[in-house]
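*Asks:* can't give you the sequence, but here's the structure:
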């Protein structure tokens, strides 16, 4: 039993386009979150750019199963994920350090970047064992989402220790059931469960697209229902209806992408390098260039848009720091 999806052997460029939209939304959100003195229709619109985060989570849950399907061992999976996440992340740390030096030279203070000072904080920062998982503060607003990704990778790698598809589904189901009993929390060792359902629904969608026995299909449907309930309960409790809607819209677009053939295009090419853009837009766009967004620029939405696009174009030249996504 399965849905007839677009051939996995062919590259789905719509997924790359979703990556771009998610990253671009978050970038515009941060570029207009600080140093803004004049609000207008544009700033009121991009304030919803944070919804690029649930788009990323759902897409990760879906795409990571494609990656898991193409590895031979759990160790191989983790090694690939390590080189996908950390090299670009470490480069972004260097960019943050440079932006902090710029701030110090330009203003006399470093008022934005939370640079680690102790040995423990330095090690935690290097290996992403940071806030909200621990008390070590992050120096880039988006780093907390990488911690979510890593935890999801670890859980996925655990499921790869068995070749039994039913047992893999049961492992995801057990985590999902545990998540039901953990209330929404933004910090602490259990914070990841607040976002688990977003990842797992993407995973469920992928699993439903595969050839399954009738028993496995029913288990996946049950897993999907559990995570829909978990998603709604957690995010309704903090009035994040937009988060829930974004998750379902992303799932819907992914489903449609498997029935619509789209050739590689300008947006999909940008999407392949969205990870680097996602990481360096804060130190370059916020810590440095946002300081020069004058009241005149902010007062005119069109000029603000051109300014933001200019910053994005500047960062696009750094795409060689990124490892292509799946």
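*Replies:* Everything's here; your move. Predicted, not measured: the structure shown is a model, and the values here were computed from it.

*Asks:* quick one: buried residues of stretch 87-96?
*Replies:* 88, 89, 91, 92, 93, 95, 96 (16 or more other CB atoms under 10 Å). All C-beta atoms are positioned from the backbone trio N, CA, C, and that covers glycine.

*Asks:* packing partners for the helix or strand the second one falls within?
*Replies:* Meaning residue 89. Here residue 89, judged by DSSP states H and E, is contained in helix 74-107. Judged by 3 or more CB pairs under 8 Å, 6 or more residues apart in numbering; DSSP states H and E, the packing partners of helix 74-107 are helix 52-69, helix 119-126, helix 143-159, helix 274-281.

*Asks:* nearest to residue 245, of those?
*Replies:* For those, proximity to residue 245 was assessed by CB to CB; helix 52-69 is nearest, at 9.2 Å.

*Asks:* relative orientation of the helix or strand harbouring residue 173 and helix 143-159 in degrees?
*Replies:* Using DSSP H and E, residue 173 sits in helix 165-180. Angle between the axes of helix 165-180 and helix 143-159 is 140 degrees (criterion: axes from the mean of the first three to the mean of the last three CA atoms, to 10 degrees).

*Asks:* Can you tell me which helices and strands whatever helix or strand comes next after helix 165-180 packs against?
*Replies:* Next along the chain after helix 165-180, taking DSSP H and E as the criterion, comes helix 196-208. Where contact means 3+ CB pairs under 8 Å, 6+ apart, helix 196-208 is packed against helix 52-69, helix 143-159, helix 165-180, helix 214-236, helix 241-257.

*Asks:* hmm, back to that, ok, the buried residues of stretch 87-96 vs residue 15, which is closest?
*Replies:* Residue 15 has its nearest neighbour among those in residue 88, at 18.8 Å by CB to CB.

*Asks:* re the thing from before, outside of the helix holding residue 173, which residues touch it?
*Replies:* Residues external to helix 165-180 that are found in contact with it (CB atoms under 8 Å, 6 or more residues apart in numbering): 155, 158-160, 162, 193, 196-197, 200, 203, 207, 212-213, 215-216, 219-220, 222-223, 226-227, 229-230, 233.

*Asks:* Could you rerun that using 7 Å?
*Replies:* Contacts of helix 165-180 from elsewhere in the structure, counted by CB atoms under 7 Å, 6 or more residues apart in numbering, are 155, 158-159, 162, 193, 196-197, 200, 203, 207, 215-216, 219-220, 223, 226-227, 230.

*Asks:* Show me which positions of it end up buried.
*Replies:* Buried-residue list, helix 165-180, by 16+ other CB under 10 Å: 165, 168, 169, 171, 172, 173, 175, 176, 179.

*Asks:* repeat for stretch 49-69
*Replies:* Judged by neighbour count (16+ other CB under 10 Å), stretch 49-69 contains these buried residues: 49-65, 67-68.

*Asks:* hang on, the earlier thing: make CSV out of the helices and strands packed on helix 196-208 and add mean pLDDT and distance to residue 25.
*Replies:* Shown next, in CSV, are the helices and strands packed on helix 196-208 (pLDDT from 0 to 100; distance: least, CB to CB, whole Å):
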stretch, mean pLDDT, distance to residue 25
helix 52-69, 96, 4
helix 143-159, 97, 13
helix 165-180, 97, 26
helix 214-236, 97, 18
helix 241-257, 98, 10
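
*Asks:* All set, thanks.
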